[in-house]
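**Student:** pasting the sequence and the predicted model now:
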Amino acid sequence: MSLILYAIPFFLAFIALEYVISKRKAQQVYRFHDAVTSLNIGFISETIRSVLKLMSIFVYALVVEQVAAFEWDLKNPAVWIVAFFMYDFFYYWAHRSGHEVNLLWASHVVHHSSEEFNLSTALRQSWTNQIFYWIFYLPMAIVGIPVKVFVIIALLSALYQFWSHTRLVGKLGWADRIFVTPSNHRCHHGRNDYCIDKNYGGTLIIWDRMFGTYTEERDDEPVIYGTLTPLNSWNPVWGNFKNYTTLWRDMRHAKGLHAKLHVVFAPPGLVKTSTDQTPLALNTQRFETPVTRWQPIYGWLASGVVLALVIELLRVAPDLSWPARLAFTCMIVLNTAGLSRIFEGRANAVKLEAGRCLVMLGPLVAGVWFYPLPPVVRVGALGVLVVSMALLYLLQRDGTPSAETHAMEAA
Ligand SMILES: [Zn+2]
Ligand SMILES: [Zn+2]
């Protein structure tokens, strides 16, 4: 099971705390649809990444075994210090490539698709980036950094990066020039001209200062969060694959191998896309759809179900066949996609969601899920399904909001 999963209760507690503090300060930091989307993307990314991570760790271990240049003693503090600096250095280059290579941007863009910046944004992680990023850390395996050290350092780095996603911590003086802090990571998430392709660091910001990608947050120009080509959707599936579809279309339109390779490997800003007719200029509008009366209760309940199913999947995964795992994962993904259709006021979204809830009754009643947990867990799950159906009835009765989306001036 992914170790990060154990940190999720703490992440959620800090998100709740950030929300309460922001309310007290009368500072709007969270929007309902955006936060739910970030969390659902994060929950699913943990299930997918847990499998992909195992594969990358397997390859890493193989390289250590076959070609390690040195043998390190785990008790020697030097191995931990060297590993920390090496990991952070390669993280910088992996992250920079994630922004400056079109194929990798297609994956990393998910993390930047939120037009808010808060602790829930930290959890909005790509479902596919583990396919690519392990390659960047292989030099650590080649010098023989043991797998255990690599895994622990990677985990600590991921945990560290959580706190840098907040608007509630201001500038921190000298720390902003040594470490990745909320101030310099806010710039990284900005779509202002001075923020584009800046501050790639994971734990240390010194790499950006060394390689010319460092910028300081400006008091005279507040950061506008998001990407120059906005996602304009609450759908986690579209968020994860939209740029791949554009990439595929652009590759098909490109004439000749050289042009096709250019589409795949050139920086996103240099790739002339077949579909993107909008000028890549800063706009200060954010994607917004109406929050109807019952949406918050249904949205949080449905997200709780997603988290419960993710935990259940990770619990039973070792005993499942690969097709069964895939089917389970697809069903969780469908949960989030169905919810986003309600958020976006799509036609028949509520009816489709009700149909999905009915389908979920099957594995629950048949005892496929939450087995052999005590019956009370299954009864509780059944209760949640009944409440979900009742809420869907109320959502349907209230009518779906217009599918037309509302643009809102960023604060
Ligand atoms: Zn980034
Ligand atoms: Zn970030």
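**Tutor:** Ah, there it is. Residues are numbered from 1 along each chain as shown. Ligands and ions are numbered 1, 2, ... in the order given.
**Student:** worst-scoring helix or strand of the chain, pLDDT-wise?
**Tutor:** strand 406-409 (a mean of 46; mean pLDDT, DSSP states H and E).
**Student:** give me the buried positions along the longest helix anywhere in the chain.
**Tutor:** The longest helix of the chain (DSSP state H) is helix 32-67. Residues 33-50, 52-53, 56, 60-61, 63-64 are the ones in helix 32-67 that count as buried (16 or more other CB atoms under 10 Å). Where C-beta positions appear, they are placed from N, C-alpha and C, glycine not excepted.
**Student:** in what helix or strand does R356 lie?
**Tutor:** Assessed by DSSP states H and E, R356 sits inside helix 349-365.
**Student:** helices or strands up against that helix?
**Tutor:** helix 322-343, helix 375-398 (3 or more CB pairs under 8 Å, 6 or more residues apart in numbering; DSSP states H and E).
**Student:** where in the protein is pLDDT low?
**Tutor:** Across the chain, the ranges flagged by pLDDT under 70 are 1-5, 272-282, 368-371, 400-411.
**Student:** coming back round to it: and the next element down the chain from the longest helix of the chain?
**Tutor:** The first helix or strand that comes after helix 32-67 along the chain, using DSSP H and E, is helix 77-100.
**Student:** chain center to that following helix, what's the gap?
**Tutor:** Centroid separation for helix 77-100 versus its chain: 20 Å, with CA atoms, centre = their mean, to the nearest Å.
**Student:** what's the next helix-or-strand element following it in contact with?
**Tutor:** Helices and strands here follow DSSP H and E; after helix 77-100, the next one along the chain is helix 102-112. Applying CB atoms under 8 Å, 6 or more residues apart in numbering, the contact partners of helix 102-112 are 41, 95, 97-99, 121, 124-129, 131-132, 189, 226-227, 239-240, 242-244, 246-247, 263-268, 271.
**Student:** what angle do helix 102-112 and helix 32-67 make?
**Tutor:** 130 degrees (axes from the mean of the first three to the mean of the last three CA atoms, to 10 degrees).
**Student:** next one: the nearest residue to F32 once chain neighbours are set aside from H33, what distance?
**Tutor:** Ranked by CB to CB, 6 or more residues apart in numbering and with sequence neighbours excluded, the top spatial neighbour of F32 is V291, at 5.4 Å. Note on V291: its distance to H33, by CB to CB, to the nearest Å, is 7 Å.
**Student:** now list whatever residues contact both of those two.
**Tutor:** By CB under 8 Å, 6+ apart, no residue touches both V291 and H33.
**Student:** from V82, how far out is F150?
**Tutor:** Taking CB to CB, one finds F150 at 11 Å from V82.
**Student:** just L156 next, same as before
**Tutor:** 15 Å.
**Student:** of these two, who's got more company?
**Tutor:** Counting neighbours by other CB atoms under 10 Å for L156 and for V82 shows that V82 has the greater number, 18 against 13.
**Student:** what sits against the more buried one?
**Tutor:** 143, 145.
**Student:** ok, the spatially most central residue of the chain - contacts?
**Tutor:** The centre of the chain sits closest to Q125, judged by CA atoms, centre = their mean, with a distance of 1.6 Å. Residues near Q125 by CB under 8 Å, 6+ apart: 41-42, 45, 49, 110-111.
**Student:** from E115, how far out is V223?
**Tutor:** Taken as CB to CB, the span from V223 to E115 is 11 Å.
**Student:** these two: who's more crowded?
**Tutor:** E115 (23 against 20).
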